[in-house]
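Peer 1: any chance you could fold what I've pasted below:
(chains A and B)
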Amino acid sequence: MVGLSAGEKNFIRGGIEQDLRADGRQRQDFRPILIETGVIPQANGSARVRFGATDVIASVKAELGKPNPLQPGRGKVAIYVDCSPTAAPAFERGGGEELSTELSAALQKCLLGGKSGAGAGIDLSSLMVLEGKVCWDLYIDGLVVSSDGNLLDALAAAIKAALTNTGIPKVDVGVGASPDEQPEVNISDEEFLQFDTSAVPVIITLTKVGREYIVDATSDEESQMSSAVSVSVNSHGKVCGLIKRGGAGLDASVILDMVSAARHVSQKLIPLLDSEIDAAEAASLAGQGSDVDP
Amino acid sequence: MEYVKLSGFRLDGRRPTEMRHIHAEVGAVANADGSASFEMGNTKVIAAVYGPKEVENKGQQIGNKALVRCEYSMANFSTGDRARRPKGDRRSTELSLVIRQTMEACILTHLMPRSQIDIYVQVLQADGGTRSACINAATLALADAGIPMCDLVTSCAAGYLNSTPLLDLNYLEDSAGGPDVTVGLLSKLDKVTLLQMDAKLPLDIFENVMQLAIEGCKAIANLIRQVLLENTKKLEYLRGT
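Peer 2: Numbering: from 1, shown residues only, chains lettered A, B, ... in the order given. Predicted coordinates for the structure are as follows:
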């Protein structure tokens, strides 16, 4: 990371105090959001999301697997994040491992709910094929291509977009198999099931700099933070997960304040993301259509 | 299996000496000093270049020329079936080395003593020919970073299946077990800087296959020049001169 001079640091802090940040945004403004879906044709669903100079790709791959015996009625979802060295030289030779693990864990907490899968943004029972025998395992992979702060929010938005883009093949289970055997399955390559992603929450990270907090911090602004609270909020305004990062302690009342601010911001962000995702989906469908035409 | 049909077309509908659709773009990573994305059919790679900058590890510093480093990584979702791959496995180490050596051959390292240039290539999607695609992306990214080079090095692969030389193998053709000749070429100087082949091939046929790969490299070089020219024109326009 490029070091900042004392003057630059003061400029960033002073700007945040006066509600006018270095790039002209106000404290609760996001950078322009760009979404592209279907970028990885080999995956079941994929999306690339850009928040300014932050650029992440999420892909969803579905494989048939066996459900957990303790939860026979549910499919499984796993989220992994990788930081590509293209984003920063510090990530080379496994240097991004720590950050990758932190981001993966945060996303699992915020999007997948508790261990039992209760409160998950994705309806796990919709991944069921045959109870106790066959289910879909969803592997969600995030890749950070370029990093300029606010990776968690961008990854969550990319996962939401990728899930919207995902088509799970329809599966027919062969009848007549005895209950002990693994049943035969027939995967359709024409019919696909789409997910309902309206329940998938978004993550909003509030970064505290000085006495104020900002959304969608750039990496320069993140270098000045004392602590950050990431809140995942769904479209009903309900809080689905919460993570506090950074060393400095926060007053409990400030945290409550930040959560309500995050809810307020989410009411603007969710419709914006939804319309961007819809536009991207329409564009990718149109793109496929033009590929067929000579 | 029949890789070239009687009609003379390949499995994906190409002619034997036809390349896949290529799309190249400069500036894929905002924070890097130079970056590019390169697509050949379904193969997609991103390259980012950082530097020339101060050498991080002083022990590696070279007194009379620049240190070039390269890291190749594959995304978890890049292949057909998903696999979590460890960093620094043998294949990626070998590829990093190949890319580094090929790029070092065209960078004028003696102009930047005691400095370091980092090249990172990230495979987003692998469908055969990742080696070539990575080199092409790295060339574009180096040019975007404004690093002095004696020529543009481009790379292309060719193979030989069903007694036909084939240009730019895709994954299916690549895994057919036939020979796969990867060539890296300095197109203006007409010098081969990278040549790799697996499997065996009679000498006279090898000559043809290599010639085909060289032709492919030249075609890619023209395309890359075009992309760079367009990009420079765009920059000039943005500057308002």
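
Peer 1: so which helix or strand of the chain has the lowest pLDDT on average?
Peer 2: Let's take chain A. strand A:185-194 (a mean of 77; mean pLDDT, DSSP states H and E).

Peer 1: you looked at the wrong chain, it should be chain B
Peer 2: Result, chain B / mean pLDDT, DSSP H and E: helix B:171-174, a mean of 88.

Peer 1: how far does the longest helix anywhere in chain B sit from its chain's centre?
Peer 2: As assigned by DSSP state H, the longest helix anywhere in chain B is helix B:203-239. Distance, stretch centre to chain centre, for helix B:203-239: 11 Å (Cα atoms, centre = their mean, to the nearest Å).

Peer 1: that helix packs against which elements?
Peer 2: The contact analysis (3 or more Cβ pairs under 8 Å, 6 or more residues apart in numbering or on different chains; DSSP states H and E) places helix B:203-239 against strand B:22-26, helix B:130-144, strand B:153-161, strand B:164-167, strand B:180-186, strand B:191-198. For the C-beta atoms, the positions are set from N, CA and C on the backbone; glycine is no exception.

Peer 1: in a markdown table, list the ones you listed along with mean neighbour count, distance to B:Asp89 and mean pLDDT.
Peer 2: Conversion of the helices and strands packed on helix B:203-239 to a markdown table gives the following (neighbours: other Cβ atoms under 10 Å in any protein chain shown; distance: least, Cβ to Cβ, whole Å; pLDDT from 0 to 100):
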| stretch | mean neighbour count | distance to B:Asp89 | mean pLDDT |
| --- | --- | --- | --- |
| strand B:22-26 | 18 | 28 | 93 |
| helix B:130-144 | 27 | 14 | 94 |
| strand B:153-161 | 27 | 21 | 93 |
| strand B:164-167 | 20 | 28 | 92 |
| strand B:180-186 | 25 | 20 | 93 |
| strand B:191-198 | 16 | 18 | 91 |
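
Peer 1: out of those, which comes closest to chain A?
Peer 2: When the helices and strands packed on helix B:203-239 are compared by Cβ to the nearest Cβ, helix B:130-144 sits nearest chain A, at 9.2 Å.

Peer 1: still on that earlier bit, what sits up against the least confident helix or strand of chain B?
Peer 2: Residues outside helix B:171-174 that contact it (Cβ atoms under 8 Å, 6 or more residues apart in numbering or on different chains) are B:3, B:10-12, B:80, B:126-129, B:159, B:161, B:166, B:180.

Peer 1: where are the low-confidence patches of chain B?
Peer 2: B:83-88, B:241 (pLDDT under 70).

Peer 1: still on that earlier bit, with only the CA atoms kept, save the least confident helix or strand of chain B in CSV.
Peer 2: What follows is helix B:171-174, C-alpha atoms only, in CSV (Å, rounded to 0.1, in the frame of the first residue of the first chain):
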residue,chain,number,x,y,z
TYR,B,171,-9.2,-27.9,-24.1
LEU,B,172,-10.8,-30.9,-25.9
GLU,B,173,-8.1,-31.0,-28.6
ASP,B,174,-5.4,-30.3,-26.0
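
Peer 1: quick check: A:Gly52 touching A:Arg31?
Peer 2: Yes - using Cβ atoms under 8 Å, A:Gly52 is in contact with A:Arg31, at 3.7 Å.

Peer 1: so which residues on chain B come close to chain A?
Peer 2: Neighbours of chain A within chain B, by Cβ under 8 Å from any Cβ of the partner chain: B:28-32, B:35, B:42, B:44, B:46-48, B:50, B:71, B:73, B:75-82, B:84, B:87-88, B:118, B:120-122, B:124-125, B:127.

Peer 1: which of these fall within strands?
Peer 2: Among the residues of chain B next to chain A, the ones falling in strands (DSSP state E) are B:35, B:44, B:46-48, B:50, B:71, B:73, B:118, B:120-122, B:124-125.

Peer 1: next, format those residues as TSV and append neighbour count.
Peer 2: Listed next are these as TSV, based on neighbours: other Cβ atoms under 10 Å in any protein chain shown:
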residue	neighbour count
B:Ser35	26
B:Lys44	25
B:Ile46	29
B:Ala47	32
B:Ala48	32
B:Tyr50	24
B:Glu71	24
B:Ser73	24
B:Asp118	22
B:Tyr120	28
B:Val121	30
B:Gln122	28
B:Leu124	24
B:Gln125	25
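
Peer 1: for those, which one is nearest B:Ala137?
Peer 2: Nearest to B:Ala137 among these is B:Ala47, at 3.7 Å by Cβ to Cβ.

Peer 1: quick one: that closest one and B:Thr130, what's the gap?
Peer 2: For B:Ala47, the distance to B:Thr130 equals 12 Å [Cβ to Cβ, to the nearest Å].

Peer 1: so what sits opposite B:Val121 in the bridge?
Peer 2: Taking DSSP bridges as the rule, B:Val121 bridges to B:Ala47, B:Tyr72.

Peer 1: what residues are up against it?
Peer 2: Taking Cβ under 8 Å, 6+ apart as the contact definition, B:Val121 lies against A:86, B:45-47, B:70-73, B:99, B:134, B:137-138.
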